[in-house]
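>>> I would like to see how this sequence folds:
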Amino acid sequence: MKEHVEIPLREKNIVLIGFMGVGKTTIGQLVAKKLYRDFIDVDQEIEKKQNMPISLIFQKFGEDYFRKIEKEYIVDICTNTRLKVVSLGGGAYLQEEVRNACLSNCIVFLLDLSWDSWKDRMPLLVENRPLLKEKSMEEIEKLFIKRQNAYSLHNSKVSTNNLDPETVADEIVNSVKLTWSIYEPNQ
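Numbering: from 1, shown residues only. Modelled structure (predicted):
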């Protein structure tokens, strides 16, 4: 068992969570650029490691297999890297081990979008999201609502309704810098 080392606040990874299609990748890239950090999109990294798109991983191996490799990858990032901005896939944070690793070692931001605003984005999302294919709007809304419980466990929440990615990224960066100055001044 590895001994727990307290990570200085300024070195903690910043993790973005939220429902699929909320803008975690776009906003995460902007936050990383503004804070001079590397950006990690968990879904893209898994696709690279598995050498296939997530939709094909789901199709060939099933969701359980995907969730297992997703969990291992995220827990590793959260416990063994620093100074990153990390975007999680929409369902990753439902796993308790993932939530615990993120909350223990990182600063977790929920990108919150209302159901009505999300519905407006849906036509752009269905093609690349295995969990949305062949689901009715009612089924997707149930999934959206069900995930809100897990998403409620975070360090900070930013509403993205009617905001452009740049504005949301600025809000996150300002929040992080304020937190640093309060809890780790003189650094």
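>>> Where does pLDDT dip in the protein?
1-5, 126-128, 130-131, 187 (pLDDT under 70).
>>> the strands in it, which residues?
Secondary structure of the chain by DSSP state E: the strands cover 13-17, 38-41, 84-87, 106-112, 156-159.
>>> can you redo those strands as a markdown table with distance to Leu143 and mean neighbour count?
Using the backbone N, CA and C atoms, a C-beta is placed for each residue, glycine as well. Formatted as a markdown table, the strands of the chain follow (distance: least, Cβ to Cβ, whole Å; neighbours: other Cβ atoms under 10 Å):
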| stretch | distance to Leu143 | mean neighbour count |
| --- | --- | --- |
| strand 13-17 | 15 | 27 |
| strand 38-41 | 21 | 18 |
| strand 84-87 | 19 | 26 |
| strand 106-112 | 16 | 23 |
| strand 156-159 | 20 | 16 |
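>>> Same list, these, but as a markdown table with distance to Gln29 please.
Converted to a markdown table, those look like this (distance: least, Cβ to Cβ, whole Å):
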| stretch | distance to Gln29 |
| --- | --- |
| strand 13-17 | 10 |
| strand 38-41 | 5 |
| strand 84-87 | 8 |
| strand 106-112 | 13 |
| strand 156-159 | 15 |
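>>> Quick check: which of these is nearest to Val168?
Among the strands of the chain, strand 156-159 comes nearest to Val168, with 5.7 Å by Cβ to Cβ.
>>> What strands line up against that closest one, and which way round?
Using DSSP bridges, the strands paired with strand 156-159 are strand 106-112 (parallel).
>>> List the contacts of the strand it pairs with.
For strand 106-112, the external contacting residues (Cβ atoms under 8 Å, 6 or more residues apart in numbering) are 9, 12-18, 22-24, 27, 78, 86, 102, 151-161, 168, 172, 175-176, 179.
>>> and if we set it to 6 Å?
12-18, 22, 24, 78, 102, 151, 154-160, 172 (Cβ atoms under 6 Å, 6 or more residues apart in numbering).
>>> Over to stretch 117-126?
Against stretch 117-126 from outside (Cβ under 6 Å, 6+ apart): 21, 132, 161.
>>> for stretch 79-91, same thing?
11, 13-17, 19-20, 24-25, 28, 31-32, 37-43, 77, 105.
>>> same thing with stretch 7-27?
Against stretch 7-27 from outside (Cβ under 6 Å, 6+ apart): 28, 41, 82-88, 90, 93, 102, 105-111, 113, 121, 125, 129, 144, 151, 160, 165, 168-169, 180, 183-184.
>>> Show me where the chain has its helices.
In the chain, the helices defined using DSSP state H lie at 24-34, 42-50, 54-61, 63-80, 96-105, 115-125, 137-151, 165-183.
>>> most packed of those helices?
Among the helices of the chain, helix 24-34 has the highest mean neighbour count (mean count of other Cβ atoms under 10 Å), at a mean of 21.
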